[in-house]
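# starting from these lines, generate the structure:
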Amino acid sequence: MNSGTEWYVVTGGPSSGKTTTVELLKKRGYRTSIEHAKHYIDTKRITSKTVGEIGIKRYAKYLLEEGSMHEKRDLLAQLKGKLVMKDKKISLAA
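Numbering: from 1, shown residues only. Just a heads-up that it's a prediction; the model follows:
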């Protein structure tokens, strides 16, 4: 195995075997990560919420709390220039 500096993304259509492939790689000793958006949506759908009810703000909060460092950096890069700090609270600029 390598030193962990390389990473790969598994893509494919619905029911094409992405999750199964990642699970097999994990069993063979490769370090894997869950796909946080899918995991979050799946856990919310268990409580009978629709994707529309989940909302981007709730997902962003979840990602900042539970996501990988890479995912957090990606999210914050997308928000660059849109964040405002006032009274020790961060919010999105209008």
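# buried sites along stretch 8-26?
When neighbours are counted by 16 or more other CB atoms under 10 Å, the buried residues of stretch 8-26 are found to be K18, V22. C-beta: built from backbone N, CA, C; applies to glycine.
# pLDDT averaged over that stretch, what's the number?
Stretch 8-26 comes out with an average pLDDT of 85.
# once you drop chain neighbours, what's closest to L64?
Excluding its sequence neighbours, the residue lying closest to L64 (CB to CB, 6 or more residues apart in numbering) is K72, at 5.9 Å.
# can you give me the offset of the lowest-mean-pLDDT helix or strand in the chain from its chain's centre?
In the chain, the helix or strand scored least confidently by mean pLDDT, DSSP states H and E is helix 51-54, which has a mean of 73. The chain centre lies 16 Å from the centre of helix 51-54; the measure is CA atoms, centre = their mean, to the nearest Å.
# which strands and helices lie in contact with that helix?
The contact analysis (3 or more CB pairs under 8 Å, 6 or more residues apart in numbering; DSSP states H and E) places helix 51-54 against helix 36-46.
# what's in contact with the helix it packs on?
Residues from elsewhere that reach helix 36-46, judged by CB atoms under 8 Å, 6 or more residues apart in numbering: V51, E53, I54, Y59, Y62, L63, E66, G67, S68, E71.
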